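Engineer: Show me the folded form of this:
(one chain, ligands or ions: 1)
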Amino acid sequence: MYKLSDNIVQNIIDLEYSRQQSELEMIASENYVSKDVMMAYSNVFTNKYSEGYPGKRYYGGQEYVDQLEVLTQKRALDMFGLSDDDWYVNVQPLSGAPANLAVFLGLLKPGDTILGMDLSAGGHLTHGHPLNSSGIYYNIVSYGVRKEDYLIDYDELLSKALDNQPKLIIGGFSAYPREIDWKKFSDIADQVEDKYGYRPILMADIAHVAGLIAGKVYNSPFPYFDVVTTTTHKTLRGPRGGLIYCKKQYQADINRGVFPGIQGGPHEHIIAAKAVAFGEVISGQFSDYAENVVKNAKALAEKLSEKGWHVITGGTDNHIVLLDVTSKNGSSTGIGGKIAEKTLETIGISLNKNMLPFDQRKPMDPSGLRIGTAAVTTRGFDENTIRYVAELIDQALMNYDDDSVLSELKSEIKNLCEKFPLQY
Ligand code: DSN
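Structural biologist: The predicted structure follows:
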């Protein structure tokens with residue numbers, strides 16, 4: 001790797017590099033980019049201002065910026081098999097949260113009603129949390145999951161849609177381990193239209209599962225939705241960034257929402273890396289990766305269940321396993337998510353504490369952990385390796401107050417990481 005002449009910054013980067021080499025990233029929203037992707041965003045496009053869109057910019061010198069952005073748009077459509085006769089994609093969003101905000105700004109007026117999944121049920125801050133701009137500027141109605149099985153409550157979704165006449169309905173999540181029935185959203189929008197003569201806009205936020213959808217191992221919302229947003233750095237394994245897909249009729253509004261709505265100059269150097277990442281997705285081997293991510297998550301869920309842990313919904317259909325750490329085999333463990341996260345960090349596994357549906361505990365010390373397999377699968381882990389990781393997680397959580405056991409487990413993780421080094 002290139003070394004900076006600024007030793008102080010280089011030293012901090014080196015420390016983070018060593019941390020990533022010798023510890024496991026199991027935060028469900030993280031991944032390891034390829035060396036090509038990483039190299040692709042260190043380039044001269046960082047010097048360029050290019051407000052506007054290909055062919056319509058506010059500054060000169062845009063010949064190659066336009067080439068780059070058009071290529072990235074083409075690859076972004078190709079990776080989901082979309083035709084530019086029906087679909088448009090804006091590749092400029094800086095990340096997922098601004099992508100969602102740009103959609104709202106482009107398609108809604110302040111005070112309009114949005115129906116989205118509650119954060120505590122697995123939704124996202126930008127789907128209407130009171131402290132997020134979505135919750136501040138729009139009238140938010142939330143749906144959740146059913147108490148009996150923690151699956152999305154489509155009956156509640158329908159009745160809330162019929163009662164509240166939302167302008168926009170969001171499907172998507174940041175902590176939900178199961179498939180989504182995207183068609184049901186479309187049926188619900190039809191019923192709202194029958195009642196009010198207006199069809200709500202359907203927006204899917206596929207930030208977490210975009211790579212699984214591109215790899216054809218998770219259902220796609222594209223046949224049923226009007227707008228689809230995503231990040232590019234989770235299961236898609238690209239640089240940090242966002243995308244907004246929309247049916248052609250919304251193109252002008254979406255573009256206006258991004259620029260001048262919430263962004264100025266796009267980060268074209270990152271757009272170069274998006275293009276490289278999308279090239280990797282299209283390349284053919286990516287579907288094997290996506291399949292392995294899901295296999296690994298299933299194996300992790302199975303092994304943890306076998307050990308007596310309560311895996312929310314009993315398993316997973318994607319890369320996310322939600323675990324209740326407050327009890328094992330029906331007995332209290334005496335810990336919540338805060339200690340569980342810290343304990344696993346101590347042995348070299350990064351993941352995050354997470355509220356569970358209907359959680360009685362507080363967000364800073366909830367009942368759950370969210371565990372993801374996208375990054376470790378990039379590292380080369382197969383199902384046997386992930387079962388071994390499940391054993392280590394189990395032992396760590398059961399010995400959270402025993403420093404000597406934790407220190408042995410830390411060595412095991414370090415040895416494992418040495419067998420599966422990062423590719424840079
Ligand atoms: N922070 C991301 C996640 O962890 O799911 C979403 O914004």
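
Engineer: Could you use CA atoms for every contact and neighbour count after this?
Structural biologist: Fine.

Engineer: residue ranges of the helices in the stretch 151-300 of the chain, please?
Structural biologist: Here the stretch 151-300 of the chain has its helices, by DSSP state H, counting those that start in this stretch, at 154-164, 182-196, 210-214, 251-256, 268-282, 286-306.

Engineer: quick one, helices of the stretch 1-150 of the chain?
Structural biologist: Going by DSSP H, counting those that start in this stretch, the stretch 1-150 of the chain shows helices at 7-22, 35-40, 63-78, 96-107, 133-137.

Engineer: Where does pLDDT dip in this structure?
Structural biologist: For the chain, no stretch has pLDDT under 70.

Engineer: so who does the residue nearest to the spatial centre of it touch?
Structural biologist: In the chain, the residue lying closest to the centroid (C-alpha atoms, centre = their mean) is residue 208, at 2.6 Å. Going by C-alpha atoms under 8 Å, 6 or more residues apart in numbering, residue 208 touches 28-29, 173-174, 230-231, 234-235.

Engineer: cutoff 10 Å now
Structural biologist: Residues in contact with residue 208 (C-alpha atoms under 10 Å, 6 or more residues apart in numbering) are 28-30, 172-176, 230-236, 318-320, 374.

Engineer: tell me which strands and helices the strand ranked longest in the chain is in contact with?
Structural biologist: Longest strand of the chain, by residue count under DSSP state E: strand 320-328. Judged by 3 or more C-alpha pairs under 10 Å, 6 or more residues apart in numbering; DSSP states H and E, the packing partners of strand 320-328 are helix 286-306, strand 309-311, helix 337-347, strand 352-354, strand 368-372, helix 383-398.

Engineer: Now with 8 Å, please.
Structural biologist: helix 286-306, strand 309-311, helix 337-347, strand 368-372 (3 or more C-alpha pairs under 8 Å, 6 or more residues apart in numbering; DSSP states H and E).

Engineer: Show me what the last one packs onto, helices and strands only.
Structural biologist: In this case it means strand 368-372. In this structure, strand 368-372 packs against strand 320-328, helix 337-347, strand 352-354, with contacts taken as 3+ C-alpha pairs under 8 Å, 6+ apart.

Engineer: mind running it again at 7 Å?
Structural biologist: strand 320-328, strand 352-354 (3 or more C-alpha pairs under 7 Å, 6 or more residues apart in numbering; DSSP states H and E).

Engineer: Quick one: closest of these to residue 405.
Structural biologist: Across the helices and strands packed on strand 368-372, residue 405 has its closest neighbour in strand 320-328 (18.6 Å, C-alpha to C-alpha).

Engineer: Return the list of strands paired to the closest one, each annotated with direction.
Structural biologist: For strand 320-328, the paired strands and their directions (DSSP bridges) read strand 309-311 (antiparallel), strand 331-332 (antiparallel), strand 368-372 (antiparallel).

Engineer: With only the CA atoms kept, save the longest one in PDB.
Structural biologist: In this case it means strand 368-372. Taking C-alpha atoms only, strand 368-372 is exported to PDB below (Å, rounded to 0.1, in the frame of the first residue of the first chain):
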ATOM      1  CA  GLY A 368     -30.100  -8.000  21.200                       C
ATOM      2  CA  LEU A 369     -27.100  -8.300  19.000                       C
ATOM      3  CA  ARG A 370     -27.200  -7.800  15.200                       C
ATOM      4  CA  ILE A 371     -24.600 -10.100  13.500                       C
ATOM      5  CA  GLY A 372     -23.800 -10.000   9.800                       C
END
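
Engineer: Please compute how far it lies from its chain's middle.
Structural biologist: From the chain centre to the centre of strand 368-372 is a distance of 13 Å (C-alpha atoms, centre = their mean, to the nearest Å).

Engineer: Residue 367: what's it in contact with?
Structural biologist: By C-alpha atoms under 7 Å, 6 or more residues apart in numbering, the residues touching residue 367 are 324-326, 336-337, 354-356, 359, 361.

Engineer: Check the gap between the spatially closest residue to residue 154 that is not a sequence neighbour and residue 269 for me.
Structural biologist: Counting by C-alpha to C-alpha, 6 or more residues apart in numbering, residue 154 lies nearest to residue 184, which is 7.5 Å off, once chain neighbours are set aside. Per C-alpha to C-alpha, to the nearest Å, residue 184 is found 39 Å from residue 269.

Engineer: okay, the two: which has more neighbours?
Structural biologist: Higher neighbour count among residue 184 and residue 269: residue 269, with 19 against 14, using other C-alpha atoms under 10 Å.

Engineer: Hmm, residue 43 and that one touching each other?
Structural biologist: Yes - Residue 269 is within contact range of residue 43, at 5.9 Å (criterion: C-alpha atoms under 7 Å).

Engineer: Give me the buried positions along stretch 387-395.
Structural biologist: For stretch 387-395, the neighbour count (16 or more other C-alpha atoms under 10 Å) marks 387, 389-390, 392-394 as buried.

Engineer: I meant stretch 407-419, not that one.
Structural biologist: Buried residues in stretch 407-419, counted by 16+ other C-alpha under 10 Å: 409-410, 412-414, 416-417.

Engineer: Among those residues, name the ones in helices.
Structural biologist: Using DSSP state H, the subset of those located in helices is 409-410, 412-414, 416-417.

Engineer: I'd like the residues you listed laid out as a markdown table, including distance to residue 188.
Structural biologist: As requested, these are exported to a markdown table (distance: C-alpha to C-alpha, whole Å):
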| residue | distance to residue 188 |
| --- | --- |
| 409 | 49 |
| 410 | 49 |
| 412 | 50 |
| 413 | 47 |
| 414 | 49 |
| 416 | 48 |
| 417 | 47 |
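
Engineer: quick one, what contacts the spatially closest residue to residue 59 that is not a sequence neighbour?
Structural biologist: The shortest distance from residue 59 to any non-neighbouring residue, by C-alpha to C-alpha, 6+ apart, is to residue 50 (6.3 Å). Shown in contact with residue 50 (C-alpha under 7 Å, 6+ apart): 57-59, 62, 265-266.

Engineer: Could you export the helices of the stretch 151-300 of the chain as a markdown table, including distance to residue 331?
Structural biologist: Output for those, formatted as a markdown table (distance: least, C-alpha to C-alpha, whole Å):
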| stretch | distance to residue 331 |
| --- | --- |
| helix 154-164 | 32 |
| helix 182-196 | 37 |
| helix 210-214 | 35 |
| helix 251-256 | 51 |
| helix 268-282 | 44 |
| helix 286-306 | 14 |
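
Engineer: Need the winner for burial among the ones you listed.
Structural biologist: Most buried of the helices of the stretch 151-300 of the chain by mean neighbour count (mean count of other C-alpha atoms under 10 Å) is helix 210-214; its value is a mean of 26.
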